[in-house]
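*Asks:* A structural model of the following input is requested.
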Amino acid sequence: ILPALSLDGILHLDVQDHSYTSASFNGFIDGLLDNMNPFPQTNSVIVMDNANIHKSAHLEEMIQ
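*Replies:* Residues are numbered from 1 along each chain as shown. Got it, this is the predicted structure:
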């Protein structure tokens with residue numbers, strides 16, 4: 001289960017029966033971005049830890 005949470009609740013949710021890869025995580029973020037807003041509006045900031053799947057060059061391009 002991979003949820004994206006905001007102060008108002010769940011923005012996006014994905015459930016898989018296997019581990020996430022960079023490609024599947026990028027797909028999750030692609031779906032999440034449909035529920036995000038431009039900065040500085042609400043739901044405009046993504047916070048991630050330093051897991052390897054969070055470090056792809058494609059992901060960085062997607063969220064900038």
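
*Asks:* what's the spacing between stretch 41-60 and its chain's center?
*Replies:* On the basis of Cα atoms, centre = their mean, to the nearest Å, stretch 41-60 sits 6 Å off its chain's mean C-alpha point.

*Asks:* Next: stretch 51-64.
*Replies:* On Cα atoms, centre = their mean, the centre of stretch 51-64 falls 10 Å from the chain's centre.

*Asks:* cool, stretch 19-33 as well?
*Replies:* Distance, stretch centre to chain centre, for stretch 19-33: 7 Å (Cα atoms, centre = their mean).

*Asks:* Check stretch 24-41 too.
*Replies:* On Cα atoms, centre = their mean, the centre of stretch 24-41 falls 6 Å from that of its chain.

*Asks:* Go through that stretch and flag the buried ones.
*Replies:* For stretch 24-41, burial by neighbour count (16 or more other Cβ atoms under 10 Å) applies to 25, 26, 28, 29, 32, 36. Heads up, the C-betas are built off the backbone N, CA and C, glycines and all.

*Asks:* tell me which of the residues you listed is nearest to residue 52?
*Replies:* Proximity of the buried residues of stretch 24-41 to residue 52 (Cβ to Cβ) peaks at residue 25, which lies at 9.7 Å.

*Asks:* ranges for the strands of the chain?
*Replies:* Remark: strands assigned in the chain by DSSP state E are 2-6, 9-14.

*Asks:* can you tell which of those is closest to residue 59?
*Replies:* Closest to residue 59 of the strands of the chain is strand 2-6 (Cβ to Cβ; 13.8 Å).

*Asks:* Would you mind listing the outside residues contacting that closest one?
*Replies:* Contacts to strand 2-6, defined as Cβ atoms under 8 Å, 6 or more residues apart in numbering, come from residues 10-16, 20, 25, 28, 32, 35, 42-43, 46.

*Asks:* what angle separates that strand from strand 9-14?
*Replies:* If you take axes from the mean of the first three to the mean of the last three Cα atoms, to 10 degrees, strand 2-6 sits at 160 degrees to strand 9-14.
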